[in-house]
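S.K.: whatever this is, show me its structure:
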Amino acid sequence: MKQFVLAFSLLFFASGSALAQGASLDGEPDYDACLALVERDAAQALDMAQTLRYKQGEAAAGGLHCEALALMQLNRPEEAGQVFFELAERLTRADDAMRAEIYGQSGDAFAIAGKGENAIRAYDRAITRGPEEARYFTGRARVKAIAGNWEGARDDAAEALALDPFEFEPLLIRSAANRTLGYPRASLVDANRAVEMRPRDLDALLERGLVHQALGDGKAARADWLIVRQTAEETGRQAHPAAVAAESYLRK
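M.R.: The predicted model follows:
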């Protein structure tokens, strides 16, 4: 959750906002005081945030952001996504980078909540205002993949990689998309690169095994899944979803 806090705080520092200047002189709740409470007492932070949001100007914006962070800490991501989205809609005088960041946070929160349509709407707005940022395309690709929209996922993953060729997650998404769509040879390029980037990553090894299986190379597939098993055992990650999946494939 720290990335949610950091992005917004840095943007407000950059814009010279009073929200990032410390405690208020009159002792009233402010953004920094609210942030300080989020991880220590999220319920109290939520109360403070809701007080702030009914003020005017920057205080209200800070209250909305702190409210969203507190809701995330309280494991209420759908509500957090709604508040992030409301904040981004309200920041009409902010620059595109700030609004894109908050829309992106909304998309992330909705994705965690399993609200794919809302997540895509938020990522759409983030991309409109920050088309040079790979992570918004990656977020949207992830949601589309979960929904089974593999062509859309592949397109968004490709956009993310065009913007940042060293992004790891879109490699896996594009590999899975091409494999599912019947292009395993294209998948293998991405899967091999992902494993080269992170040789002990369980998801990358699992995906490459699936690509080998799609290519009819059962021996290579099994070799990758055995590495998943070994790596999971060595690092205490036997319950990791990729490790569980690899184990099920090895039993077949």
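
S.K.: contacting residues for the residue nearest to Leu210 when sequence neighbours are not counted?
M.R.: Once flanking residues are discounted, Leu210 sits nearest to Arg179: 6.2 Å by C-beta to C-beta, 6 or more residues apart in numbering. For the C-beta atoms, the positions are set from N, CA and C on the backbone; glycine is no exception. By C-beta atoms under 8 Å, 6 or more residues apart in numbering, Arg179 lies in contact with 187, 207, 210-211, 214.

S.K.: look up phi and psi at Arg179.
M.R.: For Arg179, the backbone dihedrals (degrees, to the nearest 10) come out as phi -60, psi -50.

S.K.: ditto for Asp95
M.R.: Phi and psi for Asp95, reported as degrees, to the nearest 10, are phi -80, psi 170.

S.K.: before we move on, back to that, which of the contacts of Arg179 lies closest to Tyr249?
M.R.: Of all the contacts of Arg179, Tyr249 sits closest to Leu210, with 8.1 Å by C-beta to C-beta.

S.K.: correct me, but the closest one touches Ala221?
M.R.: Yes. With contact defined as C-beta atoms under 8 Å, Leu210 reaches Ala221; the gap is 7.1 Å.

S.K.: related to what we said a few turns ago, farthest-separated two in the contacts of Arg179?
M.R.: Glu207 and Ala214 (10.5 Å).

S.K.: settle it for me: which of the two has more neighbours?
M.R.: Glu207 (24 against 18; other C-beta atoms under 10 Å).

S.K.: measure that one to Arg198 for me?
M.R.: 11 Å (C-beta to C-beta, to the nearest Å).

S.K.: and if you look at Ala109?
M.R.: Distance, Ala109 to Arg198, by C-beta to C-beta: 26 Å.
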